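*Asks:* pasting the structure only:
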Ligand SMILES: [Zn+2]
């Protein structure tokens, strides 16, 4: 939505790493999956009515897809609060960083446009989470 401006906004590497490690944590998926699947299961009994009313079919699909797409969003929102939009989208090219968050963390650059988007702030401590491939950009 926001135009990538002429000056680049760099993202703090530590904050970005913590943000995505929390979201990519497999333990969180194990909590999420049963709730999500149980919700989907609630829609299934209603499919036996689908032949009765064309209108019902429309309503059912609307609700079902609203759930499929909206539930993960709501879950994230409840668990983590509002996300910093810079963590979700590249501040330079504006494309989604979610699917490539591990690449961004490893290389410090956006996997789409190649721009350097992570910056280490001076905390006086070393980031040890990503192993030795920090300098292997591209
Ligand atoms: Zn980019």
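*Replies:* Noted; the coordinates are in hand. Just so it is clear, the structure is predicted and the values come from calculations on it, not from any experiment.

*Asks:* Residue 91 touches residue 9, doesn't it?
*Replies:* Yes - contact status for residue 91 versus residue 9: in contact at 4.2 Å, counting by Cβ atoms under 8 Å. Placement of C-beta: from N, CA and C, glycine included.

*Asks:* So for these two, which sits in the more crowded spot?
*Replies:* More neighbours surround residue 91 than the other of residue 91 and residue 9, with 20 against 12 (other Cβ atoms under 10 Å).

*Asks:* measure the more buried one to residue 115 for me?
*Replies:* Remark: distance between residue 91 and residue 115 (Cβ to Cβ, to the nearest Å) = 8 Å.

*Asks:* go on, residue 27?
*Replies:* Separation of residue 27 from residue 115 (Cβ to Cβ) stands at 32 Å.

*Asks:* got the residue ranges for the strands in the protein?
*Replies:* Assigned by DSSP state E, the strands in the chain fall at 11-12, 118-119.

*Asks:* Can you tell me which of those strands is nearest to residue 65?
*Replies:* Distances from residue 65 to each of the strands of the chain were compared by Cβ to Cβ, and the smallest falls on strand 11-12, at 32.0 Å.

*Asks:* what pLDDT, on average, does the top helix by length along the chain get?
*Replies:* In terms of residue count, the longest helix belonging to the chain (DSSP state H) is helix 54-80. Average pLDDT, helix 54-80: 89.

*Asks:* Okay, buried residues for that helix please.
*Replies:* 60, 64, 67, 76 (16 or more other Cβ atoms under 10 Å).

*Asks:* And the residue nearest to the second one when sequence neighbours are not counted, how close does it get to the ion?
*Replies:* If I follow you right, that is residue 64. Of all residues not flanking residue 64 in the chain, residue 43 sits nearest, at 5.1 Å (Cβ to Cβ, 6 or more residues apart in numbering). When distances are taken as Cβ to the ion, to the nearest Å, residue 43 and the ion turn out to be 37 Å apart.
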